[in-house]
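S.K.: fold the following and give me the result.
(one chain, ligands or ions: 1)
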Amino acid sequence: MKWTMIATWRMAIEGITEASKDLEKGCFSGNAIEKAIKMVEDFPYYKSVGYGGLPNEKCQVELDAAYMDGDTLSIGAIGGITDFKNPISIAKKLSEERFNCFLVGLGANEYAQKEGFERVNMLTDRAKRHYQKRIRETIDKGLSPYAGHDTVGMIAIDKNGKMAAGTSTSGLFMKKKGRVGDSPVSGSGFYVDSEIGGASATGLGEDLMKGCISYEIVRLMKEGLHPQQAADKAVLELNEKLIKRRGKSGDISIVALNNKGEWGVATNIEGFTFSVVSEDEHPTVYLCNKINNGQTTYDVATKEWLEAYEKRIKSPITFD
Ligand code: SD4
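M.R.: Predicted coordinates:
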């Protein structure tokens with residue numbers, strides 16, 4: 001079986017590059033997912049996941065994460081955990097539980113404490129500056145406080161055909177305290193079944209949950225659709241349904257992988273990026289184009305784009 005890993009956004013590339021070395025050696029996809037997501041969580045300049053993640057409206061960083069095993073269908077999930085270093089590891093540990101495998105808020109914190117997970121103040125000075133800047137901009141220019149959000153979501157298959165999925169996010173910037181999005185919710189932020197494939201979503205959780213989009217993609221793959229066709233169909237249909245019924249649709253972006261190692265992506269926004277590595281493909285960042293005529297297209301990110309990205313994420317946060 002050929003191993004493959006696909007993840008939302010450019011920010012996943014370092015993690016999947018590192019984890020791919022383990023997949024090449026024949027390691028378990030679930031451990032590869034955990035390793036890769038931990039790297040995203042630990043990097044302070046990724047402002048929507050883990051350490052350095054942007055805070056809620058009370059300037060507290062509340063994190064959501066989930067892990068799913070595609071063989072056993074075990075799921076572990078946490079919502080609104082505060083000040084723990086690696087939410088993905090806590091979610092993975094929770095997936096071993098028969099009961100109480102989705103914990104939120106104080107309960108999630110207590111579990112993590114009891115299990116000995118590392119505590120860290122997850123609010124960085126840089127994230128605080130983003131917060132102060134957004135408060136000013138929202139007051140001065142009437143901007144939406146909710147812009148600026150990128151969840152890391154990943155699916156992997158290993159040499160033994162075992163599949164796993166994981167997500168980790170600080171959710172929407174300026175969200176209400178206690179708000180939980182799609183990322184830890186099975187079927188919405190993620191779903192994986194080693195007998196079929198998996199999918200993971202990023203975008204506006206409130207809308208992604210209206211379509212149980214990750215499960216829908218897996219269901220379409222079960223009907224025989226290639227991951228690309230399944231992703232296009234599910235994103236297009238949810239986007240159209242939301243516009244028809246509600247007048248507008250939030251951001252919807254998806255990565256999908258089947259159990260043959262074939263992958264697909266779809267998005268209703270400009271600017272979605274994703275990262276892939278496999279037995280046949282070096283770690284690669286792609287820039288995705290918005291779905292057009294029912295099809296999503298993408299291109300390999302250029303050296304110039306990658307360099308500009310590096311600069312952008314580390315550039316000073318200035319106030320007008
Ligand atoms: C949420 N879906 O909390 C997440 C945020 C996200 O790209 O993915 N942003 O709603």
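S.K.: please name the nearest non-neighbouring residue to residue 121.
M.R.: Closest residue in space to residue 121, ignoring its immediate chain neighbours: residue 83 at 5.8 Å, by Cβ to Cβ, 6 or more residues apart in numbering. Using the backbone N, CA and C atoms, a C-beta is placed for each residue, glycine as well.
S.K.: list the contacts of that neighbour.
M.R.: Shown in contact with residue 83 (Cβ atoms under 8 Å, 6 or more residues apart in numbering): 61, 109, 119-122.
S.K.: do stretch 53-61 and the ligand meet?
M.R.: No. Stretch 53-61 does not reach the ligand (Cβ under 6 Å from any ligand atom); its nearest approach is 10.6 Å.
S.K.: who's in contact with that stretch?
M.R.: 46-48, 62-63, 82-83, 122-123, 127-128, 130-131, 145, 148-149, 169-171, 173-177, 179.
S.K.: which helix is the longest one in the protein?
M.R.: As assigned by DSSP state H, the longest helix anywhere in the chain is helix 227-246.
S.K.: near the ligand, which residues of the protein?
M.R.: By the rule Cβ under 6 Å from any ligand atom, the part of the chain lying against the ligand is 149-151, 169, 171-172, 181-183, 202-205, 208.
S.K.: not counting residues beside it along the chain, what's closest to the residue of the stretch 51-200 of the chain found nearest the ligand?
M.R.: Relative to the ligand, the nearest point of the stretch 51-200 of the chain is residue 181 (2.3 Å; Cβ to the nearest ligand atom). Of all residues not flanking residue 181 in the chain, residue 205 sits nearest, at 2.6 Å (Cβ to Cβ, 6+ apart).
S.K.: picking that back up, out of the residues of the chain next to the ligand, which sit inside strands?
M.R.: Within the residues of the chain next to the ligand, residues falling in strands by DSSP state E are 169, 202-203.
S.K.: picking up where we left off before, mind putting the residues of the chain next to the ligand in TSV, neighbour count and pLDDT included?
M.R.: Output for the residues of the chain next to the ligand, formatted as TSV (neighbours: other Cβ atoms under 10 Å; pLDDT from 0 to 100):
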residue	neighbour count	pLDDT
149	23	67
150	24	86
151	30	93
169	30	96
171	28	93
172	23	91
181	27	96
182	32	97
183	31	98
202	30	97
203	26	96
204	20	95
205	27	96
208	27	97
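S.K.: same question for stretch 220-236: list its buried residues.
M.R.: For stretch 220-236, the neighbour count (16 or more other Cβ atoms under 10 Å) marks 220-221, 225-236 as buried.
S.K.: dump the residues you listed to TSV, plus pLDDT.
M.R.: Written out in TSV, the entries for the buried residues of stretch 220-236 read as follows (pLDDT from 0 to 100):
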residue	pLDDT
220	98
221	98
225	98
226	98
227	98
228	98
229	98
230	98
231	98
232	98
233	98
234	98
235	98
236	97
